[in-house]
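K.L.:
predicted model follows, preceded by the sequence.
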Amino acid sequence: MPLGGKGPVLVTVLWSENFLSAILIGLRFYTRTFIITRIGWDDYALIATWLLMVGYAAMSSVSAAAGLGQHAGDLTTEMFANALFFEMIAQVFACFAIGMAKVAVSLFLMRIVVNKWHKGILWFCIATMMTLSTLLAIGVFVHCTPTRSLWDPQLAAEQVCHLNFILLAKLDCGWAAAMDFFLALLPWLILWNVNMKRRDKITVCISLSLGVFAGVCGVIRTSGLDALSQTSDYLYATTESLIWTSTEVTMTIVCVCISALRPLWTHLRGGSSSGGYQEHTGPRSKRGTSYGLQNLPSETRCTYTREVSHDRGMDDADTESSKGIVTHGAAIHRVQQFNVTYEDAQSNSSTRDDVEAQPTTQTAI
């Protein structure tokens, strides 16, 4: 059956947004793999989100071919039942896609935050969002018996509902919208004290703030649930809700991808983009830790020479300890000066020491 009513608009919007998401996720994954070589769980969560959205668009398209987006009076009973059945499968994909999108944003922010309570909040967002999404996905097919009565109008007289599905949908959709607003504003609160370049902070904060638009889509979708439960022309009325669902997830993908594409932009402009930011929470972040020079570009490797002066009043033990600094790299008692000499990487340097660095917190984007 050819698409009719709102079906063509629905199919066009859903696949266009999937195509846009595929491009952005592909660019992000390329950046992570070949430019900064740092793949994370947030990248895999984004891919999972996109795959779920592909399933959502595919099932919606099959439903549209069966009659989704058309008035009930233009459909036979069999067409109506088939269209509603495939739309319900699409809703299951959407439930998990919405939850997984919030997981991707939360995991991305975990790359940046350093305080345990920040991470605790993000894990709370992940746990609550996925719990509600799973309950709603299960509820799509189990809230009434017999199950077939959910999509076959011929069994409507036998239907017995055990769960207020609209209330559960409102709770899930409302919480998802709240998470969009919260995750969009959270970076402004937690990143200002993180040791990042100001430009990087602004880039991340502004890009993630686009999640506000995803929240707006969620609010619009949630506000229309009551109308959908009361309409007698469900397949025609539900089309806009399906579009808002896709747009909400797409906006989430856009905002979390844009914030990670700055190294790619820098690389295309011919700049250095191999560094990025990486969080150090282990022993290397403690005071007095040495940082090696292995990651320096080959043409700018450095040899560091320490010059240590001794007071005349120092005893023999101190003098021997100070000599040990120069010859063996032992603990520093008193340092007067650092001299830095740049050498060619291919020359055979006899001494390569580590640089004493003050502790700093670096973050990965």
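P.N.:
The structure has been received and is ready for your questions. Given the structure is predicted, the values throughout are model-derived calculations rather than measurements.

K.L.:
okay, CA-based contacts and neighbour counts for the rest of this
P.N.:
Fine.

K.L.:
do a quick rundown of the helices in the stretch 151-300 of the chain.
P.N.:
165-190, 198-209, 211-223, 225-230, 234-237, 239-258, 262-268 (DSSP state H, counting those that start in this stretch).

K.L.:
among the ones you listed, which comes closest to M53?
P.N.:
Evaluated over those, closeness to M53 peaks at helix 239-258, with 7.5 Å, by C-alpha to C-alpha.

K.L.:
thinking again about what came up before, got the helices of the stretch 151-300 of the chain as a markdown table, with mean pLDDT, mean neighbour count and distance to R32 columns?
P.N.:
A markdown table is the format used below for the helices of the stretch 151-300 of the chain (pLDDT from 0 to 100; neighbours: other C-alpha atoms under 10 Å; distance: least, C-alpha to C-alpha, whole Å):
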| stretch | mean pLDDT | mean neighbour count | distance to R32 |
| --- | --- | --- | --- |
| helix 165-190 | 87 | 20 | 21 |
| helix 198-209 | 75 | 18 | 16 |
| helix 211-223 | 86 | 22 | 22 |
| helix 225-230 | 80 | 13 | 39 |
| helix 234-237 | 91 | 20 | 41 |
| helix 239-258 | 91 | 23 | 11 |
| helix 262-268 | 74 | 16 | 9 |
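
K.L.:
just checking, what packs against the longest helix anywhere in the chain?
P.N.:
If you go by DSSP state H, the chain has its longest helix at helix 77-110. Judged by 3 or more C-alpha pairs under 8 Å, 6 or more residues apart in numbering; DSSP states H and E, helix 77-110 is in contact with helix 41-66, helix 116-142, helix 165-190, helix 234-237, helix 239-258.

K.L.:
Throw the ones you listed into TSV and include distance to E87, thanks.
P.N.:
Supplementary listing: those in TSV, determined by distance: least, C-alpha to C-alpha, whole Å:
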stretch	distance to E87
helix 41-66	6
helix 116-142	11
helix 165-190	15
helix 234-237	9
helix 239-258	9
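
K.L.:
among those helices, which is nearest V212?
P.N.:
Of all these, helix 165-190 comes closest under C-alpha to C-alpha, at 5.2 Å.

K.L.:
okay, angle between the closest one and helix 116-142 too, please.
P.N.:
160 degrees (axes from the mean of the first three to the mean of the last three C-alpha atoms, to 10 degrees).

K.L.:
and helix 165-190, what other elements does it pack with?
P.N.:
Secondary-structure packing of helix 165-190 (3+ C-alpha pairs under 8 Å, 6+ apart): helix 77-110, helix 116-142, helix 198-209, helix 211-223, helix 225-230.

K.L.:
give me the angle between the fourth one and helix 165-190.
P.N.:
For helix 211-223 and helix 165-190, the angle between their directions (the same axes, to 10 degrees) works out to 160 degrees.

K.L.:
could I get helix 211-223 in CSV with only the CA atoms?
P.N.:
Taking Å, rounded to 0.1, in the frame of the first residue of the first chain, the C-alpha atoms of helix 211-223 are listed here in CSV:
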residue,chain,number,x,y,z
GLY,A,211,20.2,19.6,24.8
VAL,A,212,17.7,22.3,25.9
PHE,A,213,16.0,21.9,22.5
ALA,A,214,15.8,18.2,23.1
GLY,A,215,14.1,19.0,26.4
VAL,A,216,11.6,21.2,24.6
CYS,A,217,10.8,18.3,22.2
GLY,A,218,10.2,16.1,25.2
VAL,A,219,7.9,18.5,26.8
ILE,A,220,5.8,18.8,23.6
ARG,A,221,5.7,15.1,23.3
THR,A,222,4.7,14.6,26.9
SER,A,223,1.9,17.2,26.8
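
K.L.:
ok now that helix, how far from the chain's centre?
P.N.:
18 Å (C-alpha atoms, centre = their mean, to the nearest Å).

K.L.:
contacts for it next, please.
P.N.:
By C-alpha atoms under 8 Å, 6 or more residues apart in numbering, the residues outside helix 211-223 that reach it are 170, 173-174, 176-181, 183-184, 241, 244-245, 247-252, 255.

K.L.:
spatially, what comes nearest to L210 if we skip its sequence neighbours?
P.N.:
C255 (5.5 Å; C-alpha to C-alpha, 6 or more residues apart in numbering).

K.L.:
quick one: that neighbour and T203, what's the gap?
P.N.:
Counting by C-alpha to C-alpha, to the nearest Å, the gap between C255 and T203 amounts to 11 Å.

K.L.:
what of L268?
P.N.:
17 Å.

K.L.:
can you check M88 too?
P.N.:
Taking C-alpha to C-alpha, one finds M88 at 39 Å from T203.

K.L.:
do W117 as well
P.N.:
In terms of C-alpha to C-alpha, W117 sits 24 Å off from T203.

K.L.:
with L242 instead?
P.N.:
31 Å.

K.L.:
which ones are touching the residue nearest to L210?
P.N.:
S207, L208, S209, L210, G211.

K.L.:
for W50, give its distance to Q159.
P.N.:
Distance from W50 to Q159, by C-alpha to C-alpha: 35 Å.

K.L.:
between those two, which one's more packed in?
P.N.:
Using other C-alpha atoms under 10 Å as the criterion, W50 and Q159 rank with W50 on top: 23 against 15.

K.L.:
ok, that one touching F19?
P.N.:
No - W50 is beyond contact range of F19, at 9.7 Å (criterion: C-alpha atoms under 8 Å).

K.L.:
L136 contacts L168, doesn't it?
P.N.:
Yes - assessed by C-alpha under 8 Å, L136 is found in contact with L168 at 6.6 Å.
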